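Next come a sequence and a model predicted from it.
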Amino acid sequence: MTGLFSGTKSLRVRGEHAAFVLTLCSLPLTVIVLGWVFQHQITWQEITLLVVVAMVYVAFARGRLLGGGLRIHGGQFSEIHAVVDECARMLRMPAPHVFIRDDPFVPVVAIGIGDPYAIVFSAQYVEHFGVDELRFLVGRELGHIASGHTRYTSLMSSNGRENGVLAIALGAWLRKIDYTADRVGLLCCGSLDAAMRAIAVATFGSLGRKVDLRAFAEQLKELHAEPSLQMAEWTASTPYATNRIAALHRFARDPLYTLWAARITANANAPEVSGAAETGYAGFWRRAWAYAIDLLVVQTLAPAAGSFVKAQVASGGLVLFSNAHTKITVGNDNTLLFFAFAAYAIVLVALTGQTLGMMVSDLRVVAANRDARVGFGRAIARYAAFVASLFALVGWFSLFRRVQPYEKWSRTRLISGSAPVRS
C-alpha cells in the first residue's frame, strides 16, 4: 500500500531508521571487537564474502522449503492460504509463498531479499493459532516484507533463529522493526485481544492459552521498577513480550491506528494484487548486480589461489601458452583474475546454469532451445562470445538489451530464475 511506511503517516515506530544508521556506523567497532575476541584480524574482504555467502544461503532457502517443507495453497491448509490472501489484499501487496516446516523454535518468519518472498510457519505451532491470531502473525510478517526488513534480516538468519553475536551487534534495530511489524499485525487482525493471545502462544506454545494476559502485562511494572532488569533485553534480537503488548496498547489508542484501520478495512473486498509482470529475459541492472557479486567473490578467492600458483612456478609466472609470437602467463593479478573469473563462470553455468551472483539475483542461463542444462560446450561458447563482443565493440553498444549479441551467437539466454522462457 502506498504510504504504508513513508511520509508523516508512516507506520514505522519512531527511531527505526536512526537505529539502523547507528547500527551501520557501529559495525567497524563491532568487527574490531570480534577480531580481538577471536584473535583474528577480520578483513573487509572476509566480511564481504560472508555477506555474499549469506545471500546464496537465502537463495537456497526456497529449494530447501520446496524439498523439505509443505507448500500451502487453496487445496492444502486452505484456511491459512485464505488468511494470507486476505491480509495481502488489505495491505495492497502481492501474496508471498507460504510454507510449513518442522521447526520447534520459530513459530513464523518471513524470508527473502527479493521476489519471491515466503512466509514459513512451524508445524509445531501453526495449529495452536486461531484465525484472528493467524491474521496478526501473517500481518506482521507481511509488514516485514513490505517495509524491506527481510532484505536484511534474511541475510542474518534465513530460518529466523536468533544469533547471539548479531543480536548484540544489531539488536537495537531488530527490536525496533518488531514493534513496527506488530503494528501492521494489529491492523490486519483488528483485535487487540487476538494480537496479545497470538504473542502469548508464539512465546509459550499451547500453554499460552492458559496465560492470564493482564497478570502477564503487570510483570512490566517490576521491570520498570529496577532498570538493571531491562538490560538483558539489549542482548536479544526481539523485544520482551511484555513490552510488545504494552506497545500494542499504546498504538491502539493512537489516532494513527484509527486512520490506518479505516483504510485497511476498506481494502478487504478489493481485488487481489498481482506481482510485478515478469519480463522473462534479464535486464541491465539485474545483470550488473549479479556480475558485481560474482566479481566480488572471485576477487576474494583469487588471491589465495594466486599465492598457491605463484609458489609453484618461477617468478615469470605459470606459462599457459607460448609460441614464437605470443606468450600467456598467470604471473600478474589482472591475468589471474581474468582466468579465475572465466573458470568460475564456465564451471558453475555448465553444471548448474547459475553463478553465485545469478542465484542471489534470481537469474539463470538456459539454452536458446530451452534445454534443461547448458553444458560445458555452450558455457564456453557463451563467455568466449562475450569477450569477442567486447573486442568487436558491439558488446559495448548493446549493454541495455535484454538479449545480448553474444547470447545470440552462443545460443544461450539469461532469464529470471522463476520466469518461463519466452519464445
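Cool, got the structure. Numbers count the residues shown, from 1 in each chain.

quick one, helices of the stretch 251-400 of the chain?
Taking DSSP state H, counting those that start in this stretch as the test, the helices found in the stretch 251-400 of the chain are 255-266, 284-312, 333-352, 356-360, 375-391.

Also the stretch 1-150 of the chain?
16-37, 44-68, 78-91, 131-146, 150-156.

Switch the ones you listed over to JSON lines; also include distance to Arg411, mean neighbour count and mean pLDDT.
Any C-beta I mention is one placed from the backbone N, CA and C, and that applies to glycine too. Formatted as JSON lines, the helices of the stretch 1-150 of the chain follow (distance: least, C-beta to C-beta, whole Å; neighbours: other C-beta atoms under 10 Å; pLDDT from 0 to 100):
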{"stretch": "helix 16-37", "distance to Arg411": "44", "mean neighbour count": "13", "mean pLDDT": "76"}
{"stretch": "helix 44-68", "distance to Arg411": "26", "mean neighbour count": "15", "mean pLDDT": "71"}
{"stretch": "helix 78-91", "distance to Arg411": "40", "mean neighbour count": "19", "mean pLDDT": "93"}
{"stretch": "helix 131-146", "distance to Arg411": "38", "mean neighbour count": "25", "mean pLDDT": "95"}
{"stretch": "helix 150-156", "distance to Arg411": "35", "mean neighbour count": "20", "mean pLDDT": "82"}
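
mind checking which of those is nearest Phe5?
Closest approach to Phe5 among these (C-beta to C-beta): helix 131-146, 6.7 Å.

how far off helix 255-266 does that closest one point, in degrees?
If you take axes from the mean of the first three to the mean of the last three C-alpha atoms, to 10 degrees, helix 131-146 sits at 100 degrees to helix 255-266.

what inclination does helix 131-146 have with respect to helix 78-91?
Using the same axes, to 10 degrees: helix 131-146 against helix 78-91 is 50 degrees.

Grab the nearest non-local neighbour of Leu174.
Spatial nearest neighbour of Leu174, excluding adjacent residues (C-beta to C-beta, 6 or more residues apart in numbering): Ser237 at 4.4 Å.

Name the stretch among the helices of the stretch 251-400 of the chain that sits most buried.
Most buried of the helices of the stretch 251-400 of the chain, by mean neighbour count (mean count of other C-beta atoms under 10 Å): helix 356-360, with a mean of 24.

Looking at that one now, give me its mean pLDDT.
Helix 356-360 carries an average pLDDT of 80.

Give me the residues contacting that helix.
52, 55-56, 58-60, 113, 289-294, 297, 348, 364-365, 414, 417 (C-beta atoms under 8 Å, 6 or more residues apart in numbering).

before we move on, what about stretch 392-412?
Residues contacting stretch 392-412 (C-beta under 8 Å, 6+ apart): 279-284, 365-369, 374, 378-379, 381-382, 384-386, 388-390, 413-414.

Same question for stretch 3-12.
91, 143, 146-148, 180, 183-184, 187, 256, 259-260.

Could you identify the least confident member of the residues you listed?
Gly148 (87).

Now for that residue: which residues touch it?
With the criterion set at C-beta under 8 Å, 6+ apart, Gly148 makes contact with Phe5.

repeat for Arg14
With C-beta under 8 Å, 6+ apart, Arg14 has no contacts at all.

Against Ser78, how distant is it?
39 Å (C-beta to C-beta, to the nearest Å).

Same check on Ala181?
Taken as C-beta to C-beta, the span from Ala181 to Ser78 is 25 Å.

Can you give the distance of stretch 400-420 from its chain's centre?
Here stretch 400-420 is found 25 Å from its chain centre; the criterion is C-alpha atoms, centre = their mean, to the nearest Å.

Restricting to C-alpha, output that stretch in PDB.
Once non-C-alpha atoms are left out, stretch 400-420 reads as follows in PDB (Å, rounded to 0.1, in the frame of the first residue of the first chain):
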ATOM      1  CA  PHE A 400      20.900  -2.300 -22.200                       C
ATOM      2  CA  ARG A 401      19.500  -5.000 -24.500                       C
ATOM      3  CA  ARG A 402      17.700  -7.900 -22.800                       C
ATOM      4  CA  VAL A 403      19.200 -10.400 -25.300                       C
ATOM      5  CA  GLN A 404      22.900  -9.600 -25.900                       C
ATOM      6  CA  PRO A 405      24.700 -10.200 -29.200                       C
ATOM      7  CA  TYR A 406      27.000 -12.800 -27.600                       C
ATOM      8  CA  GLU A 407      23.900 -14.700 -26.300                       C
ATOM      9  CA  LYS A 408      22.600 -14.900 -29.900                       C
ATOM     10  CA  TRP A 409      26.000 -16.100 -31.100                       C
ATOM     11  CA  SER A 410      26.300 -18.800 -28.300                       C
ATOM     12  CA  ARG A 411      22.500 -19.700 -28.400                       C
ATOM     13  CA  THR A 412      22.100 -19.100 -24.700                       C
ATOM     14  CA  ARG A 413      19.800 -16.700 -22.700                       C
ATOM     15  CA  LEU A 414      19.900 -15.200 -19.300                       C
ATOM     16  CA  ILE A 415      16.400 -15.200 -17.700                       C
ATOM     17  CA  SER A 416      14.700 -14.800 -14.400                       C
ATOM     18  CA  GLY A 417      15.000 -17.900 -12.300                       C
ATOM     19  CA  SER A 418      11.300 -18.100 -11.700                       C
ATOM     20  CA  ALA A 419      10.100 -17.000 -15.100                       C
ATOM     21  CA  PRO A 420       9.100 -19.100 -18.100                       C
END
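
Good, we can wrap up now.
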